[in-house]
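sequence and predicted structure, then a few things I'm wondering about:
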Amino acid sequence: MTTQYGFLLIPPVAPVAKPANWPKDYKNLTPEVSFRRIYEYAGGDWQEDNGVWQQNVFAYYLSIACNHCEDPACTKVCPSGAMHKREDGFVVVNEEVCIGCRYCHMACPYGAPQYNADKGHMTKCDGCHERVAEGKKPICVESCPLRALDFGPIAELRAKHGQLAAVAPLPSAHFTRPSIVIKPNANARPCGDTTGYLANPKEV
């Protein structure tokens, strides 16, 4: 493998613009398919301190797509070989070979592969590898109004921003070794945290 690319996630404390329209026009996606989704993690309650009640409410947002994992679960369960990892590290699906069994969706802890009913097979974020080959960044990175995303060789991102690849409500990074770096804000809770909850489950 030549260069493993990855994403930098910078969770804002304000709501992120929903990503539904960022890649949809570029990728010609149906309304049911969203390659990048916003996870809203929130929590907190009221606590009494010497007769004074104070709140510790928190919330933050994560923009998650395919993480182009170093050890992708989706490729291991694909019976046709359609789901595969390229030499540049991007995990992609060969739509001409895919049989639409959805095993990859069930295996992926991030729900990245999605079934396109109109096409009859799986689709997913491909990292906009064609744009990357031209020296451009993925369309979601260039379109994010809050600059909550960045992209580049994962080794460079980790050297600059650290190794953190999981915060709540994401699963532990050791399962698939996702090619992401998270630059947490003050509200971020560690992976496995139970003080908060996923506030928008129907959107992810």
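In hand now; what should we look at? Numbers count the residues shown, from 1 in each chain.

closest to the centroid, which residue in the protein?
The chain has I64 as the residue nearest its centroid, 2.2 Å off, counting by C-alpha atoms, centre = their mean.

OK, contacts around the closest residue to P153 other than its chain neighbours?
Once flanking residues are discounted, P153 sits nearest to T3: 5.1 Å by C-beta to C-beta, 6 or more residues apart in numbering. C-beta: built from backbone N, CA, C; applies to glycine. Residues near T3 by C-beta atoms under 8 Å, 6 or more residues apart in numbering: D88, G89, P153.

just give me the closest of the residues you listed to M122.
G89 (19.3 Å; C-beta to C-beta).

now do stretch 69-83, average pLDDT.
Mean pLDDT, stretch 69-83: 98.

off-centre distance for it?
In terms of C-alpha atoms, centre = their mean, to the nearest Å, the centre of stretch 69-83 is found 17 Å from the chain centre.

ok so, going back, separation between the residue nearest to P153 and L157?
12 Å (C-beta to C-beta, to the nearest Å).

ok, and what's touching whichever helix in the chain runs longest?
Longest helix in the chain, counting residues (DSSP state H): helix 154-161. Here helix 154-161 makes contact (C-beta under 8 Å, 6+ apart) with Q4, Y5, G6, F7, L8, G89, D150, S179, I180, V181, K183.

quick one: contacts for the residue nearest to the centre of the chain?
Contact analysis of I64 by C-beta under 8 Å, 6+ apart lists L9, R36, R37, I38, Y39, Y110, L170, V204.

these two touch, right, the fourth one and A59?
Same thing as I38. No: assessed by C-beta atoms under 8 Å, I38 is found out of contact with A59, at 11.8 Å.

neighbour count for these two, which is higher?
I38 (19 against 16; other C-beta atoms under 10 Å).

name every strand pairing with the strand or helix carrying the more buried one and say which way it goes.
Element membership of I38 [criterion: DSSP states H and E] is strand 37-43. Sheet pairing of strand 37-43 (DSSP bridges) gives strand 58-64 (antiparallel), strand 196-198 (antiparallel).
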